[in-house]
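S.K.: Got a predicted structure here, sequence first:
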Amino acid sequence: MRHFYNLMDLPTDDIRKFLERAEAYRREPYGDILARKQFVLLFLNPSLRTRASFEVAIRELGGGVSTLDAESLWKLETEVGVVMDRDKAEHANEAVGVLSRYFDGIGIRAFARGVDRDEDFQDRMVTAFMGRATVPVFNMESALYHPCQSLGDLLTIQDLLGGFRGHRIAITWAYHPRALPMAVPNSILLAATRMGLDVTLAHPVEFALSDAILEMARANVQASGGSLRIEHDRLAATEGAEIVYAKAWGGLKRYDDAEAEARDRERYRIWMVDRKAMERTKRAYFMHCLPVRRNVVVSDEVIDSAASVIFKQAENRLHAQKAILEWLCTG
Amino acid sequence: MRHFYNLMDLPTDDIRKFLERAEAYRREPYGDILARKQFVLLFLNPSLRTRASFEVAIRELGGGVSTLDAESLWKLETEVGVVMDRDKAEHANEAVGVLSRYFDGIGIRAFARGVDRDEDFQDRMVTAFMGRATVPVFNMESALYHPCQSLGDLLTIQDLLGGFRGHRIAITWAYHPRALPMAVPNSILLAATRMGLDVTLAHPVEFALSDAILEMARANVQASGGSLRIEHDRLAATEGAEIVYAKAWGGLKRYDDAEAEARDRERYRIWMVDRKAMERTKRAYFMHCLPVRRNVVVSDEVIDSAASVIFKQAENRLHAQKAILEWLCTG
Amino acid sequence: MRHFYNLMDLPTDDIRKFLERAEAYRREPYGDILARKQFVLLFLNPSLRTRASFEVAIRELGGGVSTLDAESLWKLETEVGVVMDRDKAEHANEAVGVLSRYFDGIGIRAFARGVDRDEDFQDRMVTAFMGRATVPVFNMESALYHPCQSLGDLLTIQDLLGGFRGHRIAITWAYHPRALPMAVPNSILLAATRMGLDVTLAHPVEFALSDAILEMARANVQASGGSLRIEHDRLAATEGAEIVYAKAWGGLKRYDDAEAEARDRERYRIWMVDRKAMERTKRAYFMHCLPVRRNVVVSDEVIDSAASVIFKQAENRLHAQKAILEWLCTG
């Protein structure tokens, strides 16, 4: 039995195999490899793409799918040894133990709460699920990682550029009215460096990703032969890029001081992907995982241009997730 | 590719064809015309009948169905060119673009919000969806229209009266503690006049439907040979009717002044369909789209009488919607 | 047509037949007895196990399933003759009448609200559904009973002890920060006495079950040859038990005075199933219907021990419910 938690847990060859299988599912969307299998998707946070694409993926491969969201569930505890006399009526241990008896696979989404840095950095909810499940668990976005998104992103990049080595991607921070989680930037940074892309990671100084992630990214570069450059000028960042991948995220340094973090962010409202940023590129494609705030993260002009591949990117989630389900259930 | 937005967009012969197909589905509920097709139902407002009947319709015809509601979704923006730095995290353009990649058809419910008259009269959410979708969109009740309801209603009237021409229907306003949307009265008025029924539309003077709808209804009368009379006396309204169709709705004139609108409504608490109203009829059937407030919109005595055909009416939604799905997917 | 409301409505032989059929479904989980049948599950309260296990049960037997929860529904009225001008937009009569037209079976969960004793003791919501439905209704936990849980529990006890007669179960109250409903203790007490177990029912004096339930339990003992002892000392309660079945519930005497009820409860925080309680038993198994609050209702030590059979118990819900669906649809 195996789980799908972080794309980085897998050898590069397995990732390439995923991309091949995803392409096969794009050609033939239906199958029966999940016949007589039942899946549950647990959304502790909102979802449009992930929910819709997993439900369709499972049904198109012959499986059954139940979706549960926070409103329909008891609040889940993840701490060990705690006296549960507060608002949480069920421990994650019991939830996952029970679901393991009903289902052949469990998908879970549990964002960073942005309150307790340790809780988020330990990815407690998804870790608790993987630790206790007796069936495969797949990560539909945890506090730290969004591996389904990154696999779809890699497929998109391969579709557009024909491969990874020697190609340039700019992963750029963007302003957002809220301090968003880091799962998406973490995952695309790791995936891009792993596949050997030349990566520019751009953000205001206050918005660095965690040291642990940056170390993994550098190790990827060592192994893959790509490169990683960190840039704090939003326009210099996109210079010569073939892909501009935009994403907003919150500041790590200010986890315990939301007001200070918000003040930091406000100063960088200019960090939006606009025509000026795109003009510096090598006729780059624009990517974003969605949902995206128009004229905040990206201008209407850019997102509505021919360079924008957001729908291709979203569609590739579907094909990529079928490859993941296949790997989980036939491994 | 076509959308199903307003029954009035279709020639009368197509509506008759829908009724025939609905009757066929009543005789044989199961089929496989939706095999290898996936649908999404998007409910931005609550639903019992529409949700249940569409889910069943799709499954009985061999399709797969995902249902998303407001709680599980990001708040959607519909305005063009706006800086999205407020509460709405995703633009309808992106939502529908993505869903078009996963699904073979998209159903959407988006009631009038009753706040901004232009927004409601332009039916912005459903219009945004139809404008950007690359797969068929069907209207599960928009600010302006509820065409699935009306098609089910026509089937019910045909079941009960054997046809439309020469038959009399009273569509009557009813009191309700809230200012409800006008999609249902708009749609049944247009459907009834289109099929050539003799229609009495009854409401207190303050609760007229919009001029645009009334113009369309009068054009229908011209073309179909039926008639339309507007009546402000609730008892005179049902005189000689064979169908009494009750529905509460809010006042158009007071869109910007909810308190004044509520005061207007309060004065007409007497507008409930009771035995007295039914006694003036020609042994009429009682219809209502549901949900209905007992002893507010209709008395227990009437809704529980043999004249009440509310369950037949609800059931006919199921058969009618199969005809709509067939038309959308095999057209 | 029949409903599944309370296990006690059925002869003991039928219950034994259910257990046999549940075992058969454990051996062969898939089937087609629900092919061309559609079911709706109505959750007016949260659910993890019941929702997941019914959805899986229905799909594995070839049926289609729609799940509706309180957020997606109109608020339902159950009172007769009321003027519905408050917060409830639909009467249960109409909801069930409509659902009967779309579905071949209706599951409903409607907990005790704990506000109006009469409402809860009359089990108004589920009773309203059964009274008006024209298709089978099954009780997924009402104010008074949770028969699906009890049937799964009986299967678990039979699995563990090989039968019922001559075996000892302690059903013990536990502290909980909220005054929980009594459906589970009512149902397991009735089921255990019906099958002839020797039952100790343990609770602080203030937390007696209702007289009506106790009378039924005593009649069961008369008929089955088991026994029933009521105990107010939590440690004496588990003496010699082979099963310890823990459950928290609120005080009946204080329905109109939530503060006084909470004060009563606070005094019994010591009522947790811990090692001390388990040491008095005859190497008993620990059972709980879940969700359970760790270190409030049961200690980590007990729930994580080999004696804990909570996951087997949860799994047996799935098998038991298939037997129930079979009985409802082929009866």
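M.R.: Sure thing, it's come through. Residues are numbered from 1 along each chain as shown, chains lettered A, B, ... in the order given.

S.K.: buried ones in the host helix or strand of A:Ile230?
M.R.: In this assignment (DSSP states H and E), A:Ile230 forms part of strand A:227-231. Within strand A:227-231, the residues that count as buried by 16 or more other C-beta atoms under 10 Å in any protein chain shown are A:228, A:231. All C-beta atoms are positioned from the backbone trio N, CA, C, and that covers glycine.

S.K.: Stretch A:88-108 near chain C at all?
M.R.: Yes: under the criterion of C-beta under 8 Å from any C-beta of the partner chain, stretch A:88-108 makes contact with chain C via A:89-91, A:94-95, A:97-103.

S.K.: can you tell me which of those are in strands?
M.R.: Counted as lying in strands by DSSP state E, out of the residues of stretch A:88-108 next to chain C, are A:90-91.

S.K.: Tell me which of the residues of stretch A:88-108 next to chain C fall in helices.
M.R.: A:94-95, A:97-102 (DSSP state H).

S.K.: Would you mind confirming that A:Glu77 is in contact with A:Ala92?
M.R.: Yes: using C-beta atoms under 8 Å, A:Glu77 is in contact with A:Ala92, at 6.5 Å.

S.K.: Quick check: mean pLDDT of the lengthiest helix in chain A?
M.R.: In chain A, with assignment by DSSP H, the single longest helix is helix A:310-330. Mean pLDDT, computed over helix A:310-330, is 97.

S.K.: Pull out the buried positions in it.
M.R.: Buried-residue list, helix A:310-330, by 16+ other C-beta under 10 Å: A:310, A:312-329.

S.K.: Return only those of those residues found close to chain B.
M.R.: Restricting those to those near chain B - C-beta under 8 Å from any C-beta - leaves A:310, A:314-315, A:318.

S.K.: Quick check: the two most widely separated of the residues you listed?
M.R.: Within those, A:Ile310 and A:Leu318 form the most distant pair, 14.2 Å apart (C-beta to C-beta).

S.K.: and the gap between the most centrally placed residue in chain A and chain B?
M.R.: The centroid of chain A falls nearest to A:His146 when counting by C-alpha atoms, centre = their mean (2.4 Å). Distance, A:His146 to chain B, using C-beta to the nearest C-beta, to the nearest Å: 16 Å.

S.K.: show me the contacts for that residue.
M.R.: Contact analysis of A:His146 by C-beta atoms under 8 Å, 6 or more residues apart in numbering or on different chains lists A:139, A:183-184, A:186-187, A:289.

S.K.: Export those as CSV, with columns for neighbour count, pLDDT and distance to C:Gly162.
M.R.: Shown next, in CSV, are these (neighbours: other C-beta atoms under 10 Å in any protein chain shown; pLDDT from 0 to 100; distance: C-beta to C-beta, whole Å):
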residue, neighbour count, pLDDT, distance to C:Gly162
A:Asn139, 26, 98, 42
A:Ala183, 28, 98, 50
A:Val184, 22, 98, 54
A:Asn186, 28, 98, 53
A:Ser187, 27, 98, 52
A:Cys289, 25, 98, 55
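
S.K.: want to throw those into CSV with secondary structure and distance to chain C?
M.R.: Formatted as CSV, the contacts of A:His146 follow (DSSP: H, G, I helix; E, B strand; the rest coil; distance: C-beta to the nearest C-beta, whole Å):
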residue, secondary structure, distance to chain C
A:Asn139, strand, 20
A:Ala183, helix, 25
A:Val184, helix, 28
A:Asn186, helix, 30
A:Ser187, helix, 28
A:Cys289, coil, 27
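
S.K.: ok, of those residues, which one's closest to B:Arg218?
M.R.: Looking across the contacts of A:His146 and measuring by C-beta to C-beta, the closest to B:Arg218 is A:Cys289, at 50.6 Å.

S.K.: Would you confirm that the closest one contacts A:Gln149?
M.R.: Yes: counting by C-beta under 8 Å, A:Cys289 touches A:Gln149, with 5.2 Å between them.
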